[in-house]
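Peer 1: sequence and computational prediction follow.
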Amino acid sequence: MRKKNINQVPVVAGEEVLGVFSYRSLAQGIHKLHGNQSDVLSLPVEEFIEDFKFAQITDELKALLDEFDLKDAVLVGTEKRLQGIVTVVDALRYFYQVAAPYILIREIELAIRELMRTSVDGDELKECIEKALKAHYQEKKLPIPACLEEMTISDYVSILRFKGTWEKFAPAFGENSNIVYTKLKPLPDLRNDIFHFRREISVDEYDGLRDIRDWLLKRITKLEAMKRISCNE
Amino acid sequence: MNNSPSVEYFRNKGLLPFQAEFAVTFLAEKSKLYWQLVSPVGTGKTRLAGAIIAHESEVSDKKRFLLLCPASLLTQWQYVISEMLSSAKRGIKPLIIDRKTYLEIESSVPVGQNPWPPIAIILMSIDLAKRDDMVKNLATVNWDLVILDESHLLKGKRRALFDHLVKSGVMKRVLLLTATPLHKVENIVKKIIKYQDILDWEGKPLFPSFEKKLIIIDFERTNEEKAFLNEVQKLTKELATLRRYGKFQSLILLRVASSSIYALEESLRRLLVRWKIMRNKITHNIPWTNEDVAMTEQDLIAELDEVEIFEEVSNTVTIQPKKFIELYQKLEALIDRIEEMRTDSKLNSLLHYLKTSFEGKRKKYLCIWTSFRNTAEYLMSSVQDLQIPSYLLTGSLTGDEKNSGLDLFRKKGGILISTDALMEGMTLEFVDECINYDLPLNPNKFEQRWGRFLRYGRKTEFHMVILRDQLGAFMWEEKLLWKLQRTIAPK
């Protein structure tokens, strides 16, 4: 089990599942012996198996959470026809894969907002909206966003790209506006592809999102540190 | 169809006379196993090989082809071969095999059975093919024709792969393609083509001798930039002391630094992510694995969007932990400094040149050539404010995307930003100017760049433009400029 990096093994007789052998069931089995058996390795494996719940592929995962909590895995199928084992890590991997891009986009969006909020007050933000967004929204005959929460990622990028107001954001995002724009430019399309389930993003795109998130979070940490220093001075 | 190849067949495939003659001779003289075609860059080696594969797959039901090339050229090869096969009504499709697709086809056959189908055109990166397990797998079946592109790169493990396939006797015919023949192969039929030998079907030279014109734009870095560059060079020098591992990274980082500040920042960040893992291992006394080292290299190589490929470095790395932690901290500090740099003098001088260059012009075609994908993306973002139609074409595009981008550029004019990998196979005789945003290490590669522009059909003057750092920070750039100035008088 150690070699194959597995934690549970179903024990079967013919096609029938007798139970599951695991590190826990082994420990429980040894405990039950009360020191009566000195040579544990000579005992048959059935002395050390435990019952696992059988789930069907149509079962709701929520109904299995207690079982996962208790035994770290469930068997899939029936006693006569075992189809597989689902472990806590399998479920975690699946949810991570599905959720990770959404979480990254969420973290990126919140981090951009935070950096923008630190850079401008309400009036200055209004000025930025006036200069960088108003014409676009009027042309599309859509209501003009009034605050950061009403804006899209594309709006953030447009405001940051706008040369007339860039100076306000440079201390928070970094001095070179072209570098900042190159980093943020793919975000609007990528965000829409993810949130509208248009396609699965590639590994490179995922790495790119992670890099942007890390860069923005580092900028926030840096800004906070600079604020602390200036407060102490 | 007639089994014996004819010049007419290849002419109909769009080949030039020298290509058609070579293809006919190659296919007729079946007793000669090994062939090498040496012809300058941009003279259609891919199309020629594609046409040979198309002919062979049309005349026989059962053929297995293997094409090995640098990874960055795989999609280009797939596109050209598919195009050549389009007239043939056979269901055979060129298949790009990477590690993942290989595992898929391997798992689809019973254990112990070879995974290669009897009818197949397999395209594979030479660096995947040279891996020990893959070398063995490739030698389990016969290949009717093996084509090796950029065969001058047959060194080290790549050469060992070739020798193993020769020894195993699994290659029925071999065609090596290159612009610079360096490595000897016994009993090989070698055909060398020079630019002046290349004629069209009417007998006119396709590469007439055009006058080479060079424009050098000097730019001066600010003191902040100079100090920063100095720090980068110090770090790369220290890196180079870390045996081969460090030397390789040092060289790539210097090249990135010579290209653009954005590409450098991205490379340093990627390096930092890898180094963080390695630093944590040092802190917890866990030895580095081969993968730790290999991943750092792969990340750095991936930044380069060019045809050149690197031999992997030795996996045995001995580094003093204290020294490594020190370097790690310097790397972190450098990234912080980039973010606070106010000016990019090189970019500013490019933008100024573009602005004046397009002023009052009705239509103009200008190329910007870089070796780095990140630089290409940075330039694309930066030229946007100029309100000039701009197109970004990098090696990650498919053949169709590349062609439609190129068609738009041809139609509307403007700025085409591209990388080395994408320039492969392009004919740009209509372009007025090419700005080299960074320069290659190898002067021959720069020489070959002219060939994309100075060719048959050119009706206007053409200038090569180089941005020269007055600081003279990078040795290879200085050497190349010195050589160019001796041979070509600047405008």
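Peer 2: That came in fine, so what should we check first? Residues are numbered from 1 along each chain as shown, chains lettered A, B, ... in the order given.

Peer 1: in what helix or strand does B:F18 lie?
Peer 2: helix B:17-28 (DSSP states H and E).

Peer 1: show me what that helix is in contact with.
Peer 2: B:4-7, B:10-11, B:15, B:35, B:37, B:44, B:47-48, B:51-52, B:55-56, B:175, B:191, B:193, B:197-201 (C-beta atoms under 8 Å, 6 or more residues apart in numbering or on different chains). C-beta coordinates here come from the backbone N, C-alpha and C atoms, glycine included.

Peer 1: how about the residues of chain B near chain A?
Peer 2: Residues of chain B lying close to chain A by C-beta under 8 Å from any C-beta of the partner chain are B:261-262, B:265-266, B:269-270, B:273, B:336, B:338-342, B:344, B:347, B:377-378, B:380-382, B:385.

Peer 1: list the buried residues of the longest helix along chain B.
Peer 2: Scanning chain B for the longest helix, with DSSP state H as the assignment, gives helix B:261-283. Of all the residues in helix B:261-283, those buried under the rule 16 or more other C-beta atoms under 10 Å in any protein chain shown are B:261-272, B:274-275, B:278-279, B:282.

Peer 1: kindly report the same for stretch B:222-233.
Peer 2: B:225, B:228-229, B:232-233.

Peer 1: cool, stretch A:52-67 as well?
Peer 2: Within stretch A:52-67, the residues that count as buried by 16+ other C-beta under 10 Å are A:52, A:54-55, A:64, A:67.

Peer 1: backbone phi and psi for B:V38, please?
Peer 2: Backbone torsions for B:V38, taken as degrees, to the nearest 10, come to phi -110, psi 110.

Peer 1: burial measure for it, as a count.
Peer 2: If you count neighbours by other C-beta atoms under 10 Å in any protein chain shown, B:V38 ends up with 18.

Peer 1: so who does it touch?
Peer 2: Residues in contact with B:V38 (C-beta under 8 Å, 6+ apart) are B:178-181, B:190-193.

Peer 1: pick out the most distant pair among those residues.
Peer 2: B:T180 and B:K191 (14.5 Å; C-beta to C-beta).

Peer 1: what about residue 48, neighbour count?
Peer 2: The chain I'm using is chain A. For A:F48, the count of nearby residues is 23 (other C-beta under 10 Å).

Peer 1: wrong one, I was asking about chain B
Peer 2: 27.

Peer 1: distance check, it against B:L16.
Peer 2: Note on B:L48: its distance to B:L16, by C-beta to C-beta, to the nearest Å, is 9 Å.

Peer 1: the buried residues of stretch B:222-233 in strands, which ones?
Peer 2: Using DSSP state E, the subset of those located in strands is empty.

Peer 1: before we move on, back to that, mind saving the C-alpha coords of the helix holding B:F18 as CSV?
Peer 2: Output of helix B:17-28 as CSV, limited to C-alpha atoms (Å, rounded to 0.1, in the frame of the first residue of the first chain):
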residue,chain,number,x,y,z
PRO,B,17,12.1,23.8,-59.7
PHE,B,18,15.0,23.0,-57.4
GLN,B,19,12.6,21.5,-54.9
ALA,B,20,10.8,19.4,-57.5
GLU,B,21,14.1,18.1,-58.9
PHE,B,22,15.3,17.2,-55.5
ALA,B,23,12.0,15.4,-54.6
VAL,B,24,12.1,13.4,-57.8
THR,B,25,15.7,12.4,-57.4
PHE,B,26,15.2,11.5,-53.7
LEU,B,27,12.2,9.3,-54.4
ALA,B,28,13.7,7.7,-57.5
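
Peer 1: ok so, going back, among the buried residues of stretch B:222-233, which one lies nearest to A:A13?
Peer 2: Using C-beta to C-beta, the buried residues of stretch B:222-233 come closest to A:A13 at B:V232, 67.6 Å.

Peer 1: give me the distance from the longest helix of chain B to the chain's centre.
Peer 2: 25 Å (C-alpha atoms, centre = their mean, to the nearest Å).

Peer 1: likewise for stretch B:148-158?
Peer 2: 14 Å.

Peer 1: what's the answer for stretch A:182-198, then?
Peer 2: 17 Å.

Peer 1: before we move on, what about stretch B:215-228?
Peer 2: For stretch B:215-228 - counting by C-alpha atoms, centre = their mean - the centre lies 28 Å from the chain centre.
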